[in-house]
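A.B. asks: sequence first, then the predicted structure:
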Amino acid sequence: MNEFGLKAKEASVASLGLKHVAAAYWNLSPAELVEETLLSGEGTLTDTGALAVDTLEFKGRSPKDRFVVCDAKTEHSVWWGDINIKFDPAKFDLLYDKVAAYLMGREVYVKDCYACADPNHRLNIRVVTELPWQNLFANNLFLRPSKEEILNFTPEWTIIAAPGFMAVAEKDGTRQHNFAILNFTKKIILIGGTAYTGEIKKGIFGVLNYILPHERNVLSMHCSANIGKEGDTAIFFGLSGTGKTTLSADPNRGLIGDDEHGWADNGIFNFEGGCYAKCVDLTKEKEPQIFDAIRFGTLLENIEFFEGTTTVDYANIKKTENTRAAYPLNFINNAVEPSLGGIPKNIFFLTADAFGVLPPISRLTVGQAMYHFISGYTAKVAGTEVGVTEPQTTFSACFGKAFLPLHPTKYAELLGKKLRENKVNVWLINTGWSGGAYGVGSRIKLKFTRAMITAALTGKLDNVEFETHPVFGLAMPKSCPEVPSEILNPRNTWADKDAYDAKANQLAAAFVKNFNQYADNASAEILAAAPRVAVGV
């Protein structure tokens, strides 16, 4: 077997059962992986030097085709259901052998990398891919070992990604021809039938969401994080459209990471070594850091060019709205390396409440923080999806339900424990509507949201007077620097107060209904933080 590149002396893909591949290319540089992609005709260089590729059939993850092997290790610990779908261990072994047979006679690319910037929780990963640009993705998104570390590298987990292999559902135990399967006993992630690289990234996120809370008492989080000049760390949770990327990308603060973090006894740490940023409607004016990061070494997925050029048209979503850029964290000019921070002083839950009910900023008790963490609320507005004609509630447990191998209350209880031990401020920030629901009211101005977050970060809300929201029980400041006081209590911004009360009750009922699915596992403290639904309003 021909194996080329930098690797540990004894390392070989034969140890993974890949004994008859045509060649294995180990730890190629980004430039070499770009060259391999261009030579194969699978990519194009943009005018900024980034490599643009098409992920073909799948332009996003396929949650219904994500499985977890159910065995002695996972049977009684994993939260089984439509998020974690059981897969038979024997079927996994057979499918693994089929993928190995498929890769016979083909070239493969191997990247040694790791997750978790905290050396106490480092997870060594070996990524074997069919395509060179998948390996570039792994290089960009995971943490990159030194040459000396590679020469002594021992992987704990292995990812094998073969997009050209198509499963036969009725024989292989899958739902259709594509799959992403986590095997916690064998420490393997097996991916086939899809070239979408997000399956690689989120596969390891799922692994860490199991290992860290379940085995190490470390809270895993789907969030962004930054750090101030005085060393104060802040965390931002929020679903798509809430402003998480925009609000955490503060030029006056260092970026620890934009998506996945752990919270250990000594502080927080980034899981990743890069960013996987959405590119739809990207401009230098709106997102200068992301725009400038798209250069040689960056992988662009599913974008379109202006006709006759290699200039990216970020507004063109002909292929998908989920256009992406994958680049190393150090492509961001204010990135912190290593990606570590202390115990957070402030945590922000971001929601774009299209009903105009929630206050623009409120302070949460520990019980409320756990309740809203499990709820993971935001709202879709009319026009964002086909058939959405009025605001719709969206709940995603722990702001990342799709990636949770454990029951959401496990993460919430661990969050509550850390909040109590460290006296952390938790804030609920509504980046959505005020003065009425979407279509009547107006979106809260970004400059006001930024001012409120700055006030919280700098302690300027520590000694102001607060009032309590009558339905949600949230503590709302009566004043905030550089923010009009009249917008701080959302009821005051509505012309029709009765209409506000009715809408607040409607949203509270939606919260309670959503939470019913978790109530049996929730503590009395969490249950007591539910909003009060009035009868007959």
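C.D. replies: Looks like it came in fine. In this text, all values refer to a predicted model and were calculated from it rather than measured experimentally.

A.B. asks: need the helices for this structure, in chain order.
C.D. replies: The residue ranges that make up the helices of the chain, judged by DSSP state H, are 30-39, 89-102, 132-141, 147-151, 169-172, 198-216, 244-248, 288-293, 366-375, 408-422, 446-457, 497-515, 524-527.

A.B. asks: and the lowest-mean-pLDDT helix or strand in the chain, how far out from the chain's middle?
C.D. replies: Across the helices and strands of the chain, mean confidence by mean pLDDT, DSSP states H and E is lowest for helix 244-248: a mean of 86. With CA atoms, centre = their mean, to the nearest Å as the basis, the distance from the averaged C-alpha position of helix 244-248 to the chain average is 13 Å.

A.B. asks: export that helix as PDB, just CAs?
C.D. replies: Taking C-alpha atoms only, helix 244-248 is exported to PDB below (Å, rounded to 0.1, in the frame of the first residue of the first chain):
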ATOM      1  CA  LYS A 244     -25.600  35.400  18.000                       C
ATOM      2  CA  THR A 245     -22.800  35.800  15.400                       C
ATOM      3  CA  THR A 246     -23.200  39.600  15.100                       C
ATOM      4  CA  LEU A 247     -23.400  40.300  18.800                       C
ATOM      5  CA  SER A 248     -20.500  38.000  19.900                       C
END
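
A.B. asks: hmm, back to that, tell me the most buried of the helices of the chain?
C.D. replies: Mean neighbours per residue, mean count of other CB atoms under 10 Å, is largest over these for helix 132-141, with a mean of 28. In short, each C-beta sits where N, CA and C put it, glycine included.

A.B. asks: list the contacts of that one.
C.D. replies: Identification of contacts with helix 132-141 by CB atoms under 8 Å, 6 or more residues apart in numbering yields 25, 28, 30, 33-34, 36-37, 40, 42-43, 51, 53, 109-111, 113, 125, 127, 129, 159, 161, 163, 195, 197, 200-201, 272-276, 297-299, 326-328.

A.B. asks: right, and the helices of the chain - which one's nearest residue 344?
C.D. replies: helix 408-422 (7.8 Å; CB to CB).

A.B. asks: what is that closest one packed up against?
C.D. replies: Contacts of helix 408-422 with other secondary structure elements, assessed using 3 or more CB pairs under 8 Å, 6 or more residues apart in numbering; DSSP states H and E, are made with helix 198-216, strand 219-222, helix 366-375, helix 524-527.

A.B. asks: and of the helices of the chain, who's closest to residue 256?
C.D. replies: Closest approach to residue 256 among the helices of the chain (CB to CB): helix 244-248, 9.0 Å.

A.B. asks: if we can go back for a sec, what would the helices and strands packed on helix 408-422 look like in CSV with mean pLDDT and distance to residue 334?
C.D. replies: Putting these into CSV (pLDDT from 0 to 100; distance: least, CB to CB, whole Å) gives the following:
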stretch, mean pLDDT, distance to residue 334
helix 198-216, 98, 22
strand 219-222, 98, 21
helix 366-375, 98, 27
helix 524-527, 96, 36
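
A.B. asks: just the C-alphas of stretch 404-423, formatted as PDB.
C.D. replies: Taking C-alpha atoms only, stretch 404-423 is exported to PDB below (Å, rounded to 0.1, in the frame of the first residue of the first chain):
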ATOM      1  CA  LEU A 404     -27.800  16.200  22.300                       C
ATOM      2  CA  PRO A 405     -27.200  12.500  23.100                       C
ATOM      3  CA  LEU A 406     -28.300  13.000  26.700                       C
ATOM      4  CA  HIS A 407     -31.700  14.200  28.000                       C
ATOM      5  CA  PRO A 408     -31.800  18.100  28.000                       C
ATOM      6  CA  THR A 409     -32.300  18.200  31.800                       C
ATOM      7  CA  LYS A 410     -28.900  16.700  32.200                       C
ATOM      8  CA  TYR A 411     -27.300  19.700  30.600                       C
ATOM      9  CA  ALA A 412     -29.600  22.100  32.400                       C
ATOM     10  CA  GLU A 413     -28.800  20.700  35.800                       C
ATOM     11  CA  LEU A 414     -25.100  21.000  35.100                       C
ATOM     12  CA  LEU A 415     -25.600  24.600  34.000                       C
ATOM     13  CA  GLY A 416     -27.500  25.400  37.200                       C
ATOM     14  CA  LYS A 417     -24.800  23.900  39.300                       C
ATOM     15  CA  LYS A 418     -22.100  26.000  37.600                       C
ATOM     16  CA  LEU A 419     -24.300  29.100  37.900                       C
ATOM     17  CA  ARG A 420     -24.700  28.700  41.600                       C
ATOM     18  CA  GLU A 421     -21.100  27.900  42.300                       C
ATOM     19  CA  ASN A 422     -19.800  30.900  40.300                       C
ATOM     20  CA  LYS A 423     -22.600  33.500  40.700                       C
END
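
A.B. asks: how far off centre is that stretch?
C.D. replies: Stretch 404-423 sits 18 Å away from the centroid of its parent chain (CA atoms, centre = their mean).

A.B. asks: give me the mean pLDDT for that stretch.
C.D. replies: Averaging the model's pLDDT scores along stretch 404-423 yields 97.

A.B. asks: need the contact partners of that stretch.
C.D. replies: 68, 74, 77-79, 83-84, 182, 206, 209-210, 213-214, 217, 219-220, 263, 343-344, 347, 366-367, 369-371, 373-374, 397-398, 401, 424, 426, 518, 521-523, 525-526.

A.B. asks: so where's this protein uncertain?
C.D. replies: Residues of the chain that meet the criterion pLDDT under 70 lie in 1, 382-389, 535-537.

A.B. asks: follow-up on the earlier one: what is the least confident helix or strand of the chain packed up against?
C.D. replies: Under the contact criterion of 3+ CB pairs under 8 Å, 6+ apart, helix 244-248 touches strand 224-227, strand 233-238, strand 344-351, helix 446-457.

A.B. asks: can you list the residues that contact that helix?
C.D. replies: Outside helix 244-248, the residues within contact range by CB under 8 Å, 6+ apart are 223-226, 234, 236-238, 255, 258, 277-278, 287, 290, 348, 350, 429, 431, 446, 449-450, 453.

A.B. asks: buried ones only from these, please, as a PyMOL command.
C.D. replies: Paste this into PyMOL to select the buried members of the contacts of helix 244-248, with burial taken from 16 or more other CB atoms under 10 Å:
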select buried, resi 223+224+225+226+234+236+237+238+255+258+277+278+287+290+348+350+429+431+449+450+453
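
A.B. asks: returning to that earlier point: can I get the helices and strands packed on helix 408-422 in TSV with distance to residue 496?
C.D. replies: TSV is the format used below for the helices and strands packed on helix 408-422 (distance: least, CB to CB, whole Å):
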stretch	distance to residue 496
helix 198-216	44
strand 219-222	37
helix 366-375	27
helix 524-527	32
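
A.B. asks: residue 59: which of those is closest?
C.D. replies: Comparing the helices and strands packed on helix 408-422 by their distance to residue 59 (CB to CB), the top pick is helix 198-216, with 9.6 Å.

A.B. asks: which of the helices of the chain sits closest to residue 487?
C.D. replies: Judged by CB to CB, the one of these that comes nearest to residue 487 is helix 446-457, at 7.0 Å.

A.B. asks: packing partners of the closest one?
C.D. replies: Of the remaining helices and strands, those touching helix 446-457 by 3+ CB pairs under 8 Å, 6+ apart are helix 244-248, strand 344-351, strand 361-364, strand 425-430.

A.B. asks: neighbours of the nearest residue to residue 351 once chain neighbours are set aside, how many?
C.D. replies: Beyond its immediate neighbours in the sequence, the residue positioned closest to residue 351 (CB to CB, 6 or more residues apart in numbering) is residue 378, lying 4.7 Å away. When neighbours are counted by other CB atoms under 10 Å, residue 378 registers 25.
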